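Participant: Here is a sequence together with a model predicted from it:
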Amino acid sequence: MAKLTVKDLDVRGKRVLVRVDYNVPMEEKDGQMVINDATRIKETLPTLELLIENGARIILASHLGRPNGKREPSLSLRPVAAKLADMMHRPIVFVDDCIGEKAEKTANALRPGDILLLENVRFYAEEEANDPAFAAKLAKVAEVYVNDAFGAAHRAHASTEGVARVVARRGGPCAAGLLMERELKFLGDELDNPARPFVVILGGAKVSDKIKVIDRLLEQADTILIGGAMTYTFRLALGHKVGKSLIESDRVGVAMAALEKAKTRSVQFLLPVDNIIATPVETGQLNKKGRPVIEYQTPRVNDSLDIPDAEEGMDIGPKTIKAYCDLIPRAKTILWNGPMGVFEDKRFSEGTFAVARAVAGTTQKGAKSIIGGGDTVKALNLTGLTDQVTFVSTGGGASLEFLEGKVLPGVAALSDK
Ligand code: 3PG
Ligand code: MG
């Protein structure tokens, strides 16, 4: 059933608690946390502007990172408040807590059009536990609840789910924000009834991450193009040699089942016919996460479906690029999730970038293109083509779960129209 949206609400003079997903990538520079990509902040501005225009008193809540219920200074939302103030050209009040007297007092003193950002809700373990008492404390300042945090809607946490239940029990409305509404429209309705041909491009490392999405899309798509390291699990299933490529040997069965289902349903299901391979060599060094640093030497095209024992598949090859880039322009609807190779390394980026150009070009000719997944968006940003696709999801895990057909708890908790 359709959910109430922020456009349906009368918010004049009311305190509106807005859950946003300001879980943005940050980095420490000269002792300060700097935001590397403000897309998730930018995408909430239409909702905030509408609420300001309608005279709401706005209280923003978000998580940042995974502080595990402890105060972690590097995961404070304070820098986000400064960024938001910059972007909106207006002051943003910040309180260094998300519940309690100070937060409540500040919220109650807001005038229509004022914005308050609360501190990281995950500084309390009760947030992820969806603790009812904590949800009730969060809800104290809220006459109305708006959820614009699509990226966190797959989490049944206090600020995404519990608080909506409390507000609804009091008879207050719980509505989707404009970003949430757009995400549900493009990843939901548009793909349920796609203009055809509907071409799906799926990449990324693991079959296990994508298998449920593949299974569901096999019922909707005309064509599925596979790239990324999950290729090698499919290759293994088909009896080929995969060398040192990333594989999930326990997923060979599901890979095979997907190939069978594609046949039964007459879905064109393409795997790469060639690859860029390289020799992985241990450097003896460890990276920041304590994992061994591997150097990839002598990259070259491998024209066979078998990969030599000492080599690893890193990207799709030129023949595959050509085949995929010939097919993509025939699409009327495109869904792309997951890079074709290790695009962070220039030597293995051509597959992903070529697909990005084909998707953008096809969109310019009238197709609808929907892009999901953090890595895909990162790659698209690197090509400078982000403005030339129809819709870029702000959700990573959330967009995958939604595409799998799962009910997202953050959406389910909103009021029906
Ligand atoms: C994300 O970036 O995936 C969302 O903000 C959710 O964060 P989480 O995966 O830490 O729950
Ligand atoms: Mg995540």
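Facilitator: Looks like it came in fine. Ligands and ions are numbered 1, 2, ... in the order given.

Participant: When you work out contacts or count neighbours from here on, use the C-alpha atoms and nothing else.
Facilitator: Will do.

Participant: In the stretch 151-300 of the chain, where is pLDDT below threshold?
Facilitator: Applying pLDDT under 70 to the stretch 151-300 of the chain picks out no residues at all.

Participant: what ranges do the helices span in it?
Facilitator: 163-169, 178-184, 190-192, 207-217, 230-237, 252-264 (DSSP state H, counting those that start in this stretch).

Participant: who's in contact with the third one?
Facilitator: Translated: helix 190-192. Under the criterion C-alpha atoms under 8 Å, 6 or more residues apart in numbering, residues residue 220 lie in contact with helix 190-192.

Participant: got it, and the last one?
Facilitator: Applying C-alpha under 8 Å, 6+ apart, the set of residues contacting helix 252-264 from outside is 207, 211, 214, 215, 218, 233, 234, 236, 237, 238, 268, 269.

Participant: between it and helix 230-237, how many degrees?
Facilitator: Counting by axes from the mean of the first three to the mean of the last three C-alpha atoms, to 10 degrees, helix 252-264 lies at 90 degrees to helix 230-237.

Participant: quick one on the thing from earlier: and the helices of the stretch 151-300 of the chain, which is most packed in?
Facilitator: Mean neighbours per residue, mean count of other C-alpha atoms under 10 Å, is largest over the helices of the stretch 151-300 of the chain for helix 230-237, with a mean of 25.

Participant: Okay, angle between that helix and helix 207-217 too, please.
Facilitator: Using the same axes, to 10 degrees: helix 230-237 against helix 207-217 is 90 degrees.

Participant: before we move on, back to that, contacts with ligand 1 among the contacts of helix 252-264, please.
Facilitator: Near ligand 1, judged by C-alpha under 6 Å from any ligand atom, there are no entries from these.

Participant: farthest pair in those?
Facilitator: Greatest spatial distance among those (C-alpha to C-alpha): 218 and 236, at 20.6 Å.

Participant: returning to that earlier point: with respect to residue 351, which of the helices of the stretch 151-300 of the chain lies nearest?
Facilitator: Residue 351 lies closest to helix 230-237 among the helices of the stretch 151-300 of the chain, at 13.2 Å (C-alpha to C-alpha).

Participant: what helices or strands is that closest one leaning on?
Facilitator: helix 252-264 (3 or more C-alpha pairs under 8 Å, 6 or more residues apart in numbering; DSSP states H and E).

Participant: Pull the helix it packs on out as PDB, backbone CA atoms only.
Facilitator: The C-alpha trace of helix 252-264 is given here as PDB (Å, rounded to 0.1, in the frame of the first residue of the first chain):
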ATOM      1  CA  VAL A 252      28.600 -23.000  -7.400                       C
ATOM      2  CA  GLY A 253      25.200 -24.600  -7.000                       C
ATOM      3  CA  VAL A 254      23.200 -21.400  -6.800                       C
ATOM      4  CA  ALA A 255      25.200 -20.000  -9.800                       C
ATOM      5  CA  MET A 256      24.200 -23.100 -11.800                       C
ATOM      6  CA  ALA A 257      20.600 -22.700 -10.700                       C
ATOM      7  CA  ALA A 258      20.600 -19.100 -11.900                       C
ATOM      8  CA  LEU A 259      21.900 -20.200 -15.300                       C
ATOM      9  CA  GLU A 260      19.200 -22.900 -15.500                       C
ATOM     10  CA  LYS A 261      16.500 -20.400 -14.500                       C
ATOM     11  CA  ALA A 262      17.700 -18.000 -17.200                       C
ATOM     12  CA  LYS A 263      17.400 -20.700 -19.800                       C
ATOM     13  CA  THR A 264      13.900 -21.700 -18.700                       C
END
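
Participant: how about the strands in the stretch 201-350 of the chain?
Facilitator: Using DSSP state E, counting those that start in this stretch, the strands assigned to the stretch 201-350 of the chain run over residues 223-226, 268-270, 275-286, 292-302, 312-316, 333-337.

Participant: Now do residue 1, the pLDDT please.
Facilitator: According to the prediction, residue 1 has pLDDT 66.

Participant: just use 52 as the starting number from now, easier for me
Facilitator: All set: I'll call the first residue 52, so the last point we hit is now residue 52.

Participant: Please tell me how far residue 87 sits from residue 77.
Facilitator: Distance, residue 87 to residue 77, by C-alpha to C-alpha, to the nearest Å: 5 Å.
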